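Q: below are the sequence and a predicted model for it; my questions follow.
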Amino acid sequence: MKQVQIHWPGGSTTTVTSGTDWLAAARDAGLAIPTGCLGGSCGACEIDVNGTTVRACIATVPASRSGTLSVELASDPYW
């Protein structure tokens, strides 16, 4: 597993091991990602990782060639 530096909304940065659960990585960074079903179907936990939307409740931090990822909280008008 590789170490990945994550740039979070608000300017904070943390380093985690690839394969870490996104919800745990966010919690360790002091952020709370909203959740709903915790099974990937409702979309409440969507985040944008380097411009790609992922559902944080069922996804893990991927390895990155550059060693860094940028995260934005998705804004869904229905939530």
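A: Here it is on my side, so go on.
Q: low pLDDT regions in this protein?
A: Low-confidence segments of the chain (pLDDT under 70): 75-79.
Q: do that again at 90, thanks
A: The model of the chain has pLDDT under 90 over residues 1, 73-79.
Q: the strands in it, which residues?
A: Assigned by DSSP state E, the strands in the chain fall at 3-7, 13-17, 46-49, 52-55, 68-73.
Q: let me know which of those is tucked in deepest.
A: Most buried of these, by mean neighbour count (mean count of other CB atoms under 10 Å): strand 46-49, with a mean of 19. Heads up, the C-betas are built off the backbone N, CA and C, glycines and all.
Q: what distance separates that strand from the centre of its chain?
A: 6 Å (CA atoms, centre = their mean, to the nearest Å).
Q: again with stretch 40-50
A: On CA atoms, centre = their mean, the centre of stretch 40-50 falls 8 Å from the chain's centre.
Q: want to throw the strands of the chain into TSV with distance to Pro62?
A: TSV is the format used below for these (distance: least, CB to CB, whole Å):
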stretch	distance to Pro62
strand 3-7	8
strand 13-17	11
strand 46-49	8
strand 52-55	9
strand 68-73	8
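Q: wait, which of those is closest to Cys37?
A: For Cys37, the closest of the strands of the chain is strand 52-55, at 9.7 Å, according to CB to CB.
Q: Thr17 and Cys42, how far apart?
A: Thr17 is 27 Å from Cys42, where distance means CB to CB, to the nearest Å.
Q: next one: Ser66
A: For Ser66, the distance to Cys42 (CB to CB) stands at 31 Å.
Q: okay, those two: which has more neighbours?
A: Neighbours per residue (other CB atoms under 10 Å) separate Ser66 from Cys42, with Cys42 holding more: 15 against 8.
Q: would you list the phi and psi of the nearest residue to that one once chain neighbours are set aside?
A: Nearest residue to Cys42, sequence neighbours excluded (CB to CB, 6 or more residues apart in numbering): Gly36, at 3.8 Å. For Gly36, the backbone dihedrals (degrees, to the nearest 10) come out as phi -130, psi -90.
Q: also Ile33?
A: phi -90, psi 130.
Q: which strand residues bridge Thr14?
A: Ile6 (DSSP bridges).
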